[in-house]
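Trainee: Quick one, fold the following:
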Amino acid sequence: MVMFSEIASFAKEELRAVTQSVLANLMAARVPAKESYPLIDAPNLVAKEK
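Mentor: Next up is the predicted model:
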(Lines give C-alpha, C1' and ligand atoms only; values in the text may rest on other atoms or scores of the structure.)
Protein backbone atom coordinates (compact mmCIF):
# COMPACT_ATOMS: atom_id res chain seq x y z
CA MET A 1 0.00 0.00 0.00
CA VAL A 2 2.96 2.33 0.52
CA MET A 3 3.81 2.17 -3.17
CA PHE A 4 0.22 2.87 -4.17
CA SER A 5 -0.09 5.93 -1.93
CA GLU A 6 3.26 7.26 -3.20
CA ILE A 7 2.13 6.83 -6.81
CA ALA A 8 -1.24 8.43 -6.07
CA SER A 9 0.41 11.38 -4.34
CA PHE A 10 2.86 11.86 -7.21
CA ALA A 11 0.09 11.64 -9.82
CA LYS A 12 -2.00 14.15 -7.89
CA GLU A 13 0.87 16.66 -7.77
CA GLU A 14 1.67 16.16 -11.46
CA LEU A 15 -1.97 16.64 -12.47
CA ARG A 16 -2.21 19.81 -10.37
CA ALA A 17 0.97 21.21 -11.91
CA VAL A 18 -0.14 20.42 -15.46
CA THR A 19 -3.58 21.91 -14.84
CA GLN A 20 -2.09 25.14 -13.48
CA SER A 21 0.32 25.33 -16.41
CA VAL A 22 -2.44 24.85 -18.98
CA LEU A 23 -4.68 27.40 -17.29
CA ALA A 24 -1.84 29.92 -17.10
CA ASN A 25 -1.08 29.44 -20.80
CA LEU A 26 -4.74 29.85 -21.74
CA MET A 27 -5.09 33.04 -19.72
CA ALA A 28 -1.86 34.46 -21.13
CA ALA A 29 -2.76 33.61 -24.72
CA ARG A 30 -6.38 34.73 -24.48
CA VAL A 31 -6.08 38.43 -23.68
CA PRO A 32 -3.48 39.60 -26.25
CA ALA A 33 -5.07 37.49 -29.00
CA LYS A 34 -8.44 39.21 -28.53
CA GLU A 35 -6.95 42.71 -28.49
CA SER A 36 -4.34 42.32 -31.23
CA TYR A 37 -6.15 40.11 -33.71
CA PRO A 38 -9.94 40.40 -33.61
CA LEU A 39 -11.68 37.70 -35.64
CA ILE A 40 -13.34 40.23 -37.95
CA ASP A 41 -9.99 41.65 -39.05
CA ALA A 42 -8.42 38.26 -39.83
CA PRO A 43 -9.26 38.37 -43.59
CA ASN A 44 -7.88 41.92 -43.84
CA LEU A 45 -4.63 40.88 -42.15
CA VAL A 46 -4.22 38.01 -44.62
CA ALA A 47 -5.00 40.29 -47.56
CA LYS A 48 -2.43 42.89 -46.45
CA GLU A 49 0.34 40.27 -46.24
CA LYS A 50 -0.20 39.02 -49.81
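Trainee: max-length helix in the protein?
Mentor: helix 2-36 (DSSP state H).
Trainee: what packs against it?
Mentor: Judged by 3 or more Cβ pairs under 8 Å, 6 or more residues apart in numbering; DSSP states H and E, helix 2-36 has no packing partners among the helices and strands. For the C-beta atoms, the positions are set from N, CA and C on the backbone; glycine is no exception.
Trainee: What confidence value was assigned to residue 9?
Mentor: Note on residue 9: pLDDT of 92.
Trainee: got it, and residue 20?
Mentor: pLDDT, residue 20: 92.
Trainee: Tell me who's in contact with it.
Mentor: By Cβ atoms under 8 Å, 6 or more residues apart in numbering, the contact set of residue 20 is empty.
Trainee: quick one on the thing from earlier: so which bits of the longest helix of the chain are buried?
Mentor: Residues of helix 2-36 include none that count as buried (16 or more other Cβ atoms under 10 Å).
Trainee: Below-threshold pLDDT in the protein: ranges please.
Mentor: 1, 30-50 (pLDDT under 70).
Trainee: measure residue 8 to residue 20 for me?
Mentor: 19 Å (Cβ to Cβ, to the nearest Å).
Trainee: typo on my end, residue 3
Mentor: According to Cβ to Cβ, residue 3 stands 26 Å off from residue 20.
Trainee: can you check residue 2 too?
Mentor: When residue 2 is compared with residue 20 (using Cβ to Cβ), they lie 27 Å apart.
Trainee: Also residue 5?
Mentor: Distance, residue 5 to residue 20, using Cβ to Cβ: 23 Å.
Trainee: can you check residue 10 too?
Mentor: Here residue 10 is placed at a distance of 16 Å from residue 20 (Cβ to Cβ).
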